[in-house]
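Novice: Need coordinates for the below:
(one chain, ligands or ions: 1)
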Amino acid sequence: LWTPAQIIEDQIARVRDQVGDRHVLLGLSGGVDSSVVAALLHKAIGDQLTCVFVDNGLLRKDEGEQVMETFARHMGVKVIRVDAEELFLSKLEGVNDPEAKRKIIGNTFIDVFDDEASKIEGVEFLAQGTIYPDVIESAASKTGKAHVIKSHHNVGGLPETMKLKLVEPLRELFKDEVRRLGLELGLPYDMVYRHPFPGPGLGVRILGEVKKEYADILREADAIFIEELHNADWYHKTSQAFAVFLPVKSVGVVGDGRRYEWVIALRAVETIDFMTARWAHLPYELLEKVSNRIINELEGVSRVTYDVSSKPPATIEWE
Ligand code: XMP
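Specialist: The predicted structure follows:
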């Protein structure tokens, strides 16, 4: 019989058995999988768990604070927050190619994480939020069966220099099971049922070169969009929704002058498996409200568009 409570009990016993009184390190991203691992391991081994949360400067609005609030303050989990915004942005300077940006963000993450890990003494295990579909996907790509379209860095990001043993308590579970585990462990509903967010974050939602100015505008535009989706009860009817920063200047009339300012695209999709997707038929009133708010509240944006492309051929992300 499968109940979340039983899986948790079972996994707690297994983890305690594997780890004993030794120490475990976890890269906490704020996503569902690593969050559930953090909550589970905290319950199993308490202070023997240390989490490292890397702020790469490409996170959504208030994301870092929310992670610290939930885990550090609320649950008492040991979390080290690393502010690495400047490092990531400097490495991304002048880089336009999406796959190059992904590699830089992935590698920089590993460097920062590795560096932080080496400062913690006596760690013997690395915990990862690997879930069953990840196991299948990476097995398939190793044998060349899967067409690897993008260099996702969620799996297999184990630094060579770290000879740590893996703790992967979610390895046999599907996403919906992981979510139910999360709720059972007391994680907030909104965290457990949050839309997926790519590892490279806003780095692939700013087309071309990433700049702090762009990231700051995009973060605000995205937050407005998500807030209004919640207000209109549309957030959970979409599978993924976000704003994209287009580094093109479009004209807007302010007072008696013409001003050339940036464009924000909105993307919202409905999908079961993320392999194919249909653009969400959001109500016009909702789109109107979001557009008005973004243009009125954000300096530097004069135009908002809505993406009506299906996947395939368009992908969900713009890069
Ligand atoms: P696409 O854009 O390929 O996206 O239709 C399908 C799903 O994958 C996510 N995605 C990524 N996730 N690293 C990630 O961790 C990436 O580089 C990446 N690129 C796309 C995307 O957000 C969507 O959920």
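Novice: how does the protein divide into domains?
Specialist: Domain assignment of the chain by automatic domain parsing yields the ranges 4-192, 205-306.
Novice: got JSON lines for those, with mean pLDDT and distance to Thr315 too?
Specialist: Backbone N, C-alpha and C define where each C-beta goes, glycine included. Compiled in JSON lines, the domains of the chain are given as follows (pLDDT from 0 to 100; distance: least, CB to CB, whole Å):
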{"stretch": "domain 4-192", "mean pLDDT": "90", "distance to Thr315": "8"}
{"stretch": "domain 205-306", "mean pLDDT": "97", "distance to Thr315": "9"}
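Novice: Dump those domains to JSON lines, plus mean neighbour count and distance to Ala314.
Specialist: As requested, these are arranged in JSON lines below (neighbours: other CB atoms under 10 Å; distance: least, CB to CB, whole Å):
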{"stretch": "domain 4-192", "mean neighbour count": "17", "distance to Ala314": "13"}
{"stretch": "domain 205-306", "mean neighbour count": "17", "distance to Ala314": "9"}
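Novice: Then Thr305 would be within a strand, right?
Specialist: Yes. Secondary structure of Thr305 (DSSP: H, G, I helix; E, B strand; the rest coil): part of a strand.
Novice: All the helices of the stretch 201-319 of the chain, in order from the start?
Specialist: Secondary structure of the stretch 201-319 of the chain by DSSP state H, counting those that start in this stretch: the helices cover 212-231, 284-297.
Novice: does any part of the longest one sit near the ligand?
Specialist: If I follow you right, that is helix 212-231. No. Using CB under 6 Å from any ligand atom, helix 212-231 stays clear of the ligand, with a minimum separation of 12.9 Å.
Novice: mind checking how far that helix is from the chain centre?
Specialist: Distance of helix 212-231 from the chain centroid (CA atoms, centre = their mean, to the nearest Å) equals 15 Å.
Novice: Nearest to Lys119, out of the helices of the stretch 201-319 of the chain?
Specialist: For Lys119, the closest of these is helix 212-231, at 26.8 Å, according to CB to CB.
Novice: Packing partners of the closest one?
Specialist: In terms of contacts (3 or more CB pairs under 8 Å, 6 or more residues apart in numbering; DSSP states H and E), helix 212-231 is packed against helix 85-92, strand 240-254, strand 257-270, helix 284-297.
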